[in-house]
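Enquirer: Provided below for reference: sequence and predicted model.
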Amino acid sequence: MKTAIVTATLLALAGPALAQDVIRMGTEGAYPPWNFINDAGEVDGFERALGDELCTRAELTCEWVTNDWDSIIPNLVSGNYDAIIAGMSITEERDEVIDFTQPYTPPDPSTYAALSEDIDFAGGIIAAQTGTIQAGYIAESGATLVEFASPDEAIAAVMNGEADAVLADDSFIQTSIQANPDLMAVGDPVALGGGVGMGLRESDTELKEKFDAAIQSMKDDGSLNELIAKWEVSSAW
């Protein structure tokens, strides 16, 4: 669902994560219902529940770290944490820099939200979070793209009249509509991305194998679909 551009100068990889006592799970903490900070100041959401269960099944001790979206891949590569679990779509561009587990959700459709249904999707001003596949789609559509560092800022741009509409993952849009009654889903959903997976350093092959096996076990016993349904983040497997 999101795309971050990282230059080749960031390819200096840290040592294998499994050499450490604790696996650090990096997330944004600002993209409900996938990940967010709750009233207790803790990481919460679908990916917190999923990540904790994956760590249990992989017999790993994990702790959670938050990081801004626009530097989430560089800080993985530089060793500030060991895995990204942050609603990150598996893309060819990103796969050139880091590795991915198998996807833990199918692609989540992207949805436009606006204050009215009268939107010029091809020629209007459309907001998106910077570095996402939605931003890339808008840039190629002919519409005027306005980018924001956080998804909430993109929503705010529509609410204050700076943008005609915002494009983001449907699950995030639906959460935003619940919080902003004047906001509505408009237009047709857009199919983007190739599923969401955990991002890992390319050197951490053993860690990838452990998380792949844990994800597959959750698919096999139906518990992954139960979490997907509970948090309403995408369609089921």
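Expert: Okay, I see it. Numbering: from 1, shown residues only.
Enquirer: Leu50 against Tyr104, yeah?
Expert: Yes. With contacts counted by CB atoms under 8 Å, Leu50 reaches Tyr104, the gap being 6.4 Å. Glycine gets a C-beta too; all of them are placed from N, C-alpha and C.
Enquirer: shared neighbours, those two?
Expert: 218, 224 (CB atoms under 8 Å, 6 or more residues apart in numbering).
Enquirer: List phi and psi for the residue nearest to the spatial centre of the chain.
Expert: The chain has Gly87 as the residue nearest its centroid, 1.9 Å off, counting by CA atoms, centre = their mean. Dihedral pair for Gly87: phi 60, psi 40, per degrees, to the nearest 10.
Enquirer: need the helix or strand of this structure with the lowest average pLDDT.
Expert: Within the chain, confidence by mean pLDDT, DSSP states H and E is lowest for helix 92-95 among all helices and strands, at a mean of 90.
Enquirer: Next secondary structure element downstream of that one?
Expert: Using DSSP states H and E, the helix or strand that follows helix 92-95 in sequence is strand 99-100.
Enquirer: for the residue lying closest to the residue nearest to the centre of the chain once chain neighbours are set aside, what are its contacts?
Expert: Nearest residue to Gly87, sequence neighbours excluded (CB to CB, 6 or more residues apart in numbering): Trp34, at 4.1 Å. Residues counted as contacts of Trp34 (CB under 8 Å, 6+ apart) are 45-47, 86-87, 169, 171-172, 231, 233.
Enquirer: pLDDT score assigned to Trp34?
Expert: For Trp34, the model assigns a pLDDT of 98.
Enquirer: care to break the protein down by domain?
Expert: Annotated domains of the chain cover 8-106+195-231, 110-190 [automatic domain parsing].
Enquirer: I'd like those domains laid out as CSV, including distance to Trp237.
Expert: Converted to CSV, the domains of the chain look like this (distance: least, CB to CB, whole Å):
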stretch, distance to Trp237
domain 8-106+195-231, 6
domain 110-190, 16
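Enquirer: Show me which of the contacts of Trp34 is closest to Ser110.
Expert: Closest approach to Ser110 among these (CB to CB): Asp169, at 6.0 Å.
Enquirer: With Asp44 as the reference, measure out to the closest one.
Expert: 17 Å (CB to CB, to the nearest Å).
Enquirer: what about the two, which has more around it?
Expert: Neighbours were counted for Asp169 and for Asp44 using other CB atoms under 10 Å; Asp169 has more, 30 against 18.
Enquirer: pretty sure the more buried one is touching Ser110, no?
Expert: Yes. Counting by CB under 8 Å, Asp169 touches Ser110, with 6.0 Å between them.
Enquirer: Can you show me the strands along this protein?
Expert: Under the criterion DSSP state E, the chain carries strands at the ranges 23-27, 30-31, 35-37, 43-44, 62-66, 83-84, 99-100, 110-114, 125-129, 144-148, 165-169, 184-190, 199-200.
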